[in-house]
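Colleague: Sequence plus the predicted model coming up.
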Amino acid sequence: MDTLARIDVISDAICPWCYIGKRQFESALKILGQDQLRFSVMWHPYQLNPDMPAEGVERATYRAAKFGSAERAQAIDQRITETAATVGLEFHLEKLTRTPNTLNAHRLIRLAAQQGVQDSVVEALFKAYFCDGADLGDSELLAAIGGTGGLDPDEVWKMLAGEDGKREVLANDQMARNAGIQGVPSFALQGHVLFSGALAAEDMANAFRQAWDILKNRAA
């Protein structure tokens, strides 16, 4: 049986294409599994808005300024919502009131990795934000989301109240930028960045399969 040691996913918890890409990625894993390809997955931090104030900002005003008008921002949200529906996700972006700083969300994902529940916590964060309109800058909400994903909410709260993981998350974010990553989701196999974007599942599977064949031949 062939074994892919690790696929790294670089993402941000407020990136809609990362959630859409997660669904495509899950389908790609099933396709690869049919070829007896198995591997671990690790999620890594990338802040789309690294200079965002710790308390976040009011979303409507921020996005209107970012995209030139409220109408343009709404049109983008509509396109994203329609695309999400094609992979079975029901986005409710109208529920969102704030664009958060995601440092603490990434600290939560880091803690989840240490306790073996990273995928379920990443899923819980995406669902809370894009489907339920949660403010991911709210530590109390993050603790509850961590609990949904399999962590002890009290442990999450205690972690967020301190400094644990801040330095590591910021260092990993910078590492991704130093590697030339400018957009998310980005996917790497065995440390080699392959592509960015929420590609179709079959295209993802083909990219991983071809890259794995190349790496195997190099090692032969």
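Modeller: Done, it's in.
Colleague: Please make it C-alpha for all contacts and neighbour counts, starting now.
Modeller: OK.
Colleague: Worst mean pLDDT across the helices and strands of this protein, which element?
Modeller: Every helix and strand of the chain was ranked by mean pLDDT, DSSP states H and E. The lowest is strand 3-11, at a mean of 84.
Colleague: what comes up buried for the next helix or strand after that strand?
Modeller: Tracing the chain past strand 3-11, the next element assigned as helix or strand by DSSP states H and E is helix 16-33. By neighbour count on 16 or more other CA atoms under 10 Å, the buried set for helix 16-33 is 16-25, 27-29, 31-32.
Colleague: Same question for stretch 61-79.
Modeller: In stretch 61-79, counting by 16+ other CA under 10 Å, buried: 62, 63, 70, 73, 74, 77, 78.
Colleague: so which helix or strand takes in the last one?
Modeller: By that I understand residue 78. helix 70-85.
Colleague: The next helix-or-strand element following that helix packs against which elements?
Modeller: Downstream of helix 70-85, the first helix or strand assigned by DSSP H and E is strand 98-99. Contacts defined by 3 or more CA pairs under 8 Å, 6 or more residues apart in numbering; DSSP states H and E place strand 98-99 against strand 57-58, helix 59-67.
Colleague: possible to save the ones you listed as CSV with distance to residue 92 and mean pLDDT?
Modeller: Output for those, formatted as CSV (distance: least, CA to CA, whole Å; pLDDT from 0 to 100):
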stretch, distance to residue 92, mean pLDDT
strand 57-58, 17, 98
helix 59-67, 14, 96
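Colleague: Reformat those as TSV; add distance to residue 83.
Modeller: As requested, these are arranged in TSV below (distance: least, CA to CA, whole Å):
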stretch	distance to residue 83
strand 57-58	25
helix 59-67	19
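Colleague: For residue 111, find the nearest of these.
Modeller: Of all the helices and strands packed on strand 98-99, strand 57-58 sits nearest to residue 111, with 25.5 Å by CA to CA.
Colleague: Farthest pair within the buried residues of stretch 61-79?
Modeller: Spatial extent of those (CA to CA) is set by the pair 62 and 78 at 17.1 Å.
Colleague: Residues in contact with the helix holding residue 78: which ones?
Modeller: Helix 70-85 is contacted from outside by 16, 17, 20, 60, 61, 63, 64, 67, 90, 91, 92, 93, using CA atoms under 8 Å, 6 or more residues apart in numbering.
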